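Just the structure for this:
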Amino acid sequence: MLKNSRFDDLFEALSRRVASRTSRRGFIGRVGAVAAGVAVSPLLPVDRRGRVSRAEAAPAAGDARAKWVPQDNDIHACDYWRHCSIDGNICACSGGSLTNCPPGTQLATSSWVASCYNPTDGNSYIIAYRDCCGKNVSNRCPCLVTEGELPVYRPEFANDIIWCFGADNDEMTYHCTIAPIIGKAG
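Next up is the predicted model:
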């Protein structure tokens, strides 16, 4: 019979000490609590309220955002004020509305949030951009508005993420994005 190495003896002693001081139920309970916390984290909304809408800020000379001028007439246009941070297709162009998904799609459980300036009433509103999932991309009214966007390593400020991973039907196919108002900013 082979003799155990010092490493094997040390590992066995450490394992026996840990096993004698902890219970399997306690260990499994802790692992379960961590797993539940990780599973719930995609359901939490992403908060962008700390960001000031670029439409309100005075742009510096030569700043690319000087081109962004929000309007309040055409909900199908990328410069509509609620679309200040949209990256995708506007659902109102494919059978949905600003607040409802088109028929045959499901609303993702996660969202990204932005503060958008309404030029008509002079107020800023918090918009919860939510993806509608389950059908292929509509390709109607595609918009990429990068107001306040940061790289993907800051997901709460990156609108390039497809949020369909939280859809009820496990369908991760992106179709379009809605932009409902969830409150007044500030």
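
use CA for all of it now, contacts and neighbours both
Noted.

Whichever strand in the chain runs longest - contacts with which helices or strands?
When the chain is parsed with DSSP state E, its longest strand is strand 123-133. If you count contacts as 3 or more CA pairs under 8 Å, 6 or more residues apart in numbering; DSSP states H and E, strand 123-133 packs onto strand 106-107, strand 112-118, strand 174-178, strand 181-184.

mind checking which of those strands is nearest Thr99?
Nearest to Thr99 among these is strand 174-178; the distance by CA to CA comes to 5.6 Å.

that older thread, deepest in the core, which of the helices and strands packed on strand 123-133 is it.
strand 174-178 (a mean of 28; mean count of other CA atoms under 10 Å).

okay, how far is it across stretch 83-90, tip to tip?
One end of stretch 83-90 to the other measures 9 Å (CA to CA, to the nearest Å).

Identify whichever of the helices and strands packed on strand 123-133 lies nearest to Cys93.
strand 174-178 (9.1 Å).

And the contacts of that closest one?
With contacts defined as CA atoms under 8 Å, 6 or more residues apart in numbering, strand 174-178 is touched by 86, 88-92, 97-101, 105, 129-138, 162, 164.

re earlier: using TSV, lay out the helices and strands packed on strand 123-133 together with distance to Ile28 and mean pLDDT.
Listed next are those as TSV, based on distance: least, CA to CA, whole Å; pLDDT from 0 to 100:
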stretch	distance to Ile28	mean pLDDT
strand 106-107	34	88
strand 112-118	34	85
strand 174-178	37	90
strand 181-184	39	92
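
ok so, going back, could you give me the average pLDDT of the longest strand of the chain?
Mean per-residue pLDDT for strand 123-133: 89.
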